[in-house]
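Participant: make a model of this:
(2 chains)
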Amino acid sequence: MGCPLRMSVVTAQLLLVLSLACYLSPLTSYFSPLAAQSAPPAKVAKSVERIFGTGIQVDTLTVDTVSVLRVSKGGTLLGFARVRNVKGKDQPITYLVAIDPQDTLKDVDVLVYREPYGGEVAYEPWRKQFRGRTTTAPLVVGKDIRNISGATISSHSVTLGVRRTLAELTAWHAAGKIR
Amino acid sequence: MRPAPCAALLTGLAIPLVLNPLNAQDSETTSVGGYGEVHYTNATGANTPGMVNVRRFVLYLAHTFSEKLAVRSELELEDAKIEGGKAGGEVALEQLYLDYLISPAFTMRAGLVLPPVGIVNEIHEPPTFNGVARPAFDRDVIPTTWREIGVGALGAIPGSSGLSYRVYLVNGLKADGFSAASGIREGRQEGREASFANPSITGRLEWVRPGLRLGGSFWYGGSANQDSLLGTGTFDNAVALVSADARYDVGPIMFRGILANISVAGADAINAVYGTQAGSRIAGGYIEAAYNVLSALAPASAQRLNAFLRYEHFNTQADVPAGVVKDEALARRITTFGLSYKPIYSVVFKGDYQLQRNKAGIGEGELLSLGVGYQF
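Facilitator: Prediction:
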């Protein structure tokens, strides 16, 4: 019966290492209570700055109760951005879509991914497929957007979300609801 | 577990929770999902009437207590019905675990988990694979759906682009279930009053690019279950599994393939004690290519009609211990070809034809299968 004792020590040590890792990971950013299904404002600001550059001015416009970010620099319009959610397997995926004044998609960011699988949609090699697209593009997984095998639900969800958001922003821009 | 380390562990886990109270009510949600498949099969040969079966009906239930804490589960009913005294039918928990998302690089997981081995064990919903039944390799070599109880961690490797890992400490296999034809399959304990005599480590490393996913998996752990005739050591009669797999989609063409090798230490003793003819090494793999026919026939369509061909080659007695005569009928070669029609990515209508061959040429047959499947 030496074995259970020996193993219990190994097990306990492993679990202790796991729990120690809790301390070592950046607690402050990950444990701050988030409002349901939204991205922290700092994360949104960082994303917009990454896409449009520094020294920008970001104003919030309201279209039919929906918030759209208007990005400008020195009085010149650089584009618009919107933060939305789309359902993954069991959790919302929070993403941002940014367009330029010609309604061309500048970039997509996955701001918060909450599920244990499929997080690869946040990786740049996949996201960059959306750059330069307009509403004339199909934006369909397996056609002009490559699938991530093993992350099919997330790939389809984010692609659908981007397609809808791009269409919405483009339509609002054309109708003068955002300018 | 001894009281002292146990207490230390609980304290260790509790401190971050206490220091940073989670706002449970902020984002509590419950979601229901599931998958299912109904099959028609007709084998060649005498006395093999066609059969229809509700192969699987699985309910997925997840609850998120906060953005960081979630419980996820899958409850499965096989063959539509269970009745006393009749063969077939099974109700089983396929998964039941708590996830504690500490950071994107580190989610802690505890409960009944799927060893992250190969392609199909973790992702086994019918629309995700070609062919009505799962590949035979994913039954006889990697014992899908393989689930055991344990704790572990998973996440993206920080600073990398596309690398992720999963690693678990789980209960071990039991050698008394090993067999010549099904390898380690019946050695699984599946979360039912499982023995923790042989804690085992299993894990996986994955690398992802658009269209590409490469993975390597392992399992290592004893299987003696403190049977005094085998061994009382933690790693006695160790089962060592390694596998490598790839999935690659390029335009309308899809490839996937896997190779695995499982060695069982002291297979001679296992066979002597339990009177089985289990192999000391189980090995094989498969390769599959598929082509979306609709990309040529109806380029505007977002639907898919995948024509596929898969070749499986595996042997559950790749090596045998002294005293065991190899059964050449276990050196299997299975060719499957057919169609998968997917009006949307989460629904599939399937049909395939399978040529079952083996080195001995005994008990060979052919099988026609039709099926429908879904996931949501």
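Participant: report the beta-bridge partners for the residue nearest to the spatial centre of chain A.
Facilitator: By C-alpha atoms, centre = their mean, chain A has its centre lying nearest to A:V110, at 1.6 Å. Residues in a beta bridge with A:V110, per DSSP bridges, are A:Y95.
Participant: likewise B:V58?
Facilitator: Under the criterion used here (DSSP bridges), B:V58 is bridged to B:Y35, B:E76.
Participant: and the next helix or strand past the lowest-mean-pLDDT helix or strand in chain A?
Facilitator: When the helices and strands of chain A are scored by mean pLDDT, DSSP states H and E, helix A:27-31 comes last with a mean of 36. For helix A:27-31, the following helix or strand on the C-terminal side (DSSP states H and E) is helix A:41-52.
Participant: anything in that following helix near chain B?
Facilitator: No. If you take C-beta under 8 Å from any C-beta of the partner chain as the test, helix A:41-52 misses chain B, and the best it gets is 12.4 Å. Placement of C-beta: from N, CA and C, glycine included.
Participant: show me what that helix is packed up against.
Facilitator: If contacts are counted by 3 or more C-beta pairs under 8 Å, 6 or more residues apart in numbering or on different chains; DSSP states H and E, helix A:41-52 sits against strand A:66-73, strand A:76-87, strand A:92-99, strand A:105-112.
Participant: what does it contact?
Facilitator: Helix A:41-52 is contacted by residues A:56, A:58, A:69, A:71, A:73, A:78-79, A:81, A:83, A:96, A:98, A:106-107, A:109, A:111-112 when judged by C-beta atoms under 8 Å, 6 or more residues apart in numbering or on different chains.
Participant: show me where the stretch 101-250 of chain B has its strands.
Facilitator: Ranges of strands in the stretch 101-250 of chain B, per DSSP state E, counting those that start in this stretch, are B:106-113, B:148-156, B:163-170, B:200-209, B:212-221, B:239-250.
Participant: can I get those strands in TSV including distance to chain A and mean neighbour count?
Facilitator: Listed next are the strands of the stretch 101-250 of chain B as TSV, based on distance: least, C-beta to the nearest C-beta, whole Å; neighbours: other C-beta atoms under 10 Å in any protein chain shown:
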stretch	distance to chain A	mean neighbour count
strand B:106-113	6	21
strand B:148-156	6	22
strand B:163-170	6	21
strand B:200-209	5	20
strand B:212-221	5	20
strand B:239-250	4	19
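Participant: I'd like these as a markdown table, with mean pLDDT appended.
Facilitator: Shown next, in a markdown table, are the strands of the stretch 101-250 of chain B (pLDDT from 0 to 100):
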| stretch | mean pLDDT |
| --- | --- |
| strand B:106-113 | 97 |
| strand B:148-156 | 97 |
| strand B:163-170 | 97 |
| strand B:200-209 | 97 |
| strand B:212-221 | 98 |
| strand B:239-250 | 96 |
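Participant: quick revisit: wait, the residue nearest to the centre of chain A touches A:I93, no?
Facilitator: Yes. Judged on C-beta atoms under 8 Å, A:V110 makes contact with A:I93 at a distance of 6.4 Å.
Participant: residues of the stretch 201-350 of chain B that sit close to chain A?
Facilitator: So far as C-beta under 8 Å from any C-beta goes, the stretch 201-350 of chain B lies against chain A at B:206, B:208-213, B:226, B:232-234, B:247-249, B:252, B:254, B:256, B:292, B:302, B:304, B:345-346.
Participant: just give me the neighbour total for the residue lying closest to B:R281 once chain neighbours are set aside.
Facilitator: Closest residue in space to B:R281, ignoring its immediate chain neighbours: B:D319 at 3.7 Å, by C-beta to C-beta, 6 or more residues apart in numbering or on different chains. Look at B:D319: counted by other C-beta atoms under 10 Å in any protein chain shown, it has 15 neighbours.
Participant: again with the one 5 residues further on
Facilitator: Other residues lying near B:V324 total 18 when counted by other C-beta under 10 Å.
Participant: touching, it and B:I270? I think so.
Facilitator: No. B:V324 is not in contact with B:I270 according to C-beta under 8 Å; the separation is 10.4 Å.
Participant: mind listing the shared neighbours of A:V110 and A:I93?
Facilitator: A:121, A:158.
Participant: okay, which residue is most central for chain B?
Facilitator: Centroid check for chain B by C-alpha atoms, centre = their mean gives B:N121 as the closest residue, at 2.0 Å.
Participant: against B:G231, how distant is the nearest residue to that one once chain neighbours are set aside?
Facilitator: Nearest non-adjacent residue to B:N121, counting by C-beta to C-beta, 6+ apart: B:T144, 4.8 Å away. Distance of B:T144 to B:G231, computed by C-beta to C-beta, to the nearest Å: 28 Å.
Participant: ditto for B:F314
Facilitator: Applying C-beta to C-beta, the value for B:F314 to B:G231 is 28 Å.
Participant: what residues of stretch B:42-56 count as buried?
Facilitator: Within stretch B:42-56, the residues scored as buried using 16 or more other C-beta atoms under 10 Å in any protein chain shown are B:43, B:55-56.
Participant: among those residues, pick out the one closest to chain A, please.
Facilitator: The closest of the buried residues of stretch B:42-56 to chain A turns out to be B:R56 (C-beta to the nearest C-beta; 17.8 Å).
Participant: give me the neighbour count for residue 135.
Facilitator: Because you didn't say which chain, this covers chain A. 17.
Participant: oops, I was thinking of chain B
Facilitator: 26.
Participant: quick one: B:L163 and B:R209 touch, right?
Facilitator: No. Contact criterion C-beta under 8 Å: B:L163 and B:R209 do not qualify, at 10.8 Å.
Participant: quick one: contacts for A:K89?
Facilitator: A:115, A:117-118, A:153-154, B:31, B:33, B:62.
Participant: what does it show for phi and psi?
Facilitator: For A:K89, the backbone dihedrals are phi -70, psi -50 (criterion: degrees, to the nearest 10).
Participant: any idea how far it lies from B:E28?
Facilitator: Between A:K89 and B:E28 the computed distance is 17 Å (C-beta to C-beta).
Participant: switch the helices and strands packed on helix A:41-52 over to CSV; also include distance to B:L169.
Facilitator: Output for those, formatted as CSV (distance: least, C-beta to C-beta, whole Å):
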stretch, distance to B:L169
strand A:66-73, 46
strand A:76-87, 32
strand A:92-99, 30
strand A:105-112, 29
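Participant: and among those strands, the most buried is which?
Facilitator: strand A:92-99 (a mean of 24; mean count of other C-beta atoms under 10 Å in any protein chain shown).
Participant: can I have it written out in CSV, keeping just the CAs?
Facilitator: What follows is strand A:92-99, C-alpha atoms only, in CSV (Å, rounded to 0.1, in the frame of the first residue of the first chain):
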residue,chain,number,x,y,z
PRO,A,92,-20.5,35.2,-26.8
ILE,A,93,-17.4,36.2,-28.8
THR,A,94,-16.8,39.9,-28.6
TYR,A,95,-15.2,41.4,-31.7
LEU,A,96,-14.5,44.7,-33.4
VAL,A,97,-14.9,45.6,-37.0
ALA,A,98,-13.3,48.8,-38.4
ILE,A,99,-13.9,50.4,-41.8
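Participant: average pLDDT across it?
Facilitator: For strand A:92-99, the mean per-residue pLDDT is 96.
Participant: so the residue nearest to the centre of chain B makes contact with B:T145?
Facilitator: Yes. Using C-beta under 8 Å, B:N121 is in contact with B:T145, at 6.3 Å.
Participant: any shared contact partners between those two?
Facilitator: B:L114.
Participant: now the closest residue in space to A:T135 that isn't next to it in sequence: phi and psi?
Facilitator: With sequence-adjacent residues excluded and distances taken as C-beta to C-beta, 6+ apart, A:T135 is closest to A:T170, at 5.0 Å. When quoted as degrees, to the nearest 10, the phi and psi of A:T170 stand at phi -60, psi -40.
Participant: against A:I99, how distant is A:T170?
Facilitator: 7 Å.
Participant: the bottom helix or strand of chain B by mean pLDDT?
Facilitator: helix B:3-19 (a mean of 51).
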